[in-house]
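**Student:** I'll drop the sequence and a predicted model, then ask my questions.
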Amino acid sequence: MMPETLRHATCVARESRAVLLCGASGSGKSDLALRLVESGWQLVADDQTALRCDGKALLASAPPAISGLIEVRGLGLVKLPALVEARVALVVDLVAPDSIERLPETRHRNLLGVRLPVLALAPFESSAVAKLRWALAAAIRS
């Protein structure tokens, strides 16, 4: 049996490669995911993401009870088209703007034995969507 786990994270994908948005409740996971979806990304899972290892790949999906749902503050749960599963290429820690280094060292995190690059990102900055697009492209290239 393949190892799997459930993480408090939101997951979105672009061109079948996924980004895991990690942060505390209220940190901006769903808000950033909604902006990403509006700019052409696809929802995988909101707030809770099931992760499983398949060889050297980390695969993300939504628990069945919340598949295709995203919480939009002020509106409630909204149904969106969602990917059933996507390969995670990048982990994003959602943090306050003043905690981000200008020229950070490359960081990695192991999830279920898969080594992934990590980006610290302030989710409410207007450039967050562009930064995430660039970071995902860099993660896919490496």
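**Tutor:** All right, it came through fine. Numbering: from 1, shown residues only.
**Student:** pretty sure V129 belongs to a strand, no?
**Tutor:** No. According to DSSP: H, G, I helix; E, B strand; the rest coil, V129 belongs to no strand; its state is helix.
**Student:** Contact partners for it?
**Tutor:** Taking CB atoms under 8 Å, 6 or more residues apart in numbering as the contact definition, V129 lies against 32, 35-36, 39. All C-beta spots, glycine's among them, are computed from the backbone N, C-alpha and C.
**Student:** In a helix, L34, correct?
**Tutor:** Yes. Judged by three-state DSSP, L34 forms part of a helix.
**Student:** ok, now how distant is the residue most central in space within the chain from H108?
**Tutor:** Among the residues of the chain, the one closest to the centroid is L20, at 2.3 Å (CA atoms, centre = their mean). According to CB to CB, to the nearest Å, L20 and H108 sit 13 Å apart.
**Student:** do the same with R115
**Tutor:** Relative to H108, R115 is positioned 5 Å away (CB to CB).
**Student:** Next, count neighbours for the nearest residue to C22 once chain neighbours are set aside.
**Tutor:** Excluding its sequence neighbours, the residue lying closest to C22 (CB to CB, 6 or more residues apart in numbering) is A9, at 4.7 Å. Neighbour count for A9, taken as other CB atoms under 10 Å: 24.
**Student:** Next, A9: phi, psi?
**Tutor:** Per-residue torsions, A9: phi -160, psi 160 (degrees, to the nearest 10).
**Student:** Tell me what R107 is bridged to.
**Tutor:** Beta-bridge partners for R107, by DSSP bridges, are V118.
**Student:** need the contact list for A86.
**Tutor:** A86 makes contact with 11, 13, 16-18, 42, 44, 59-61 under the criterion CB under 8 Å, 6+ apart.
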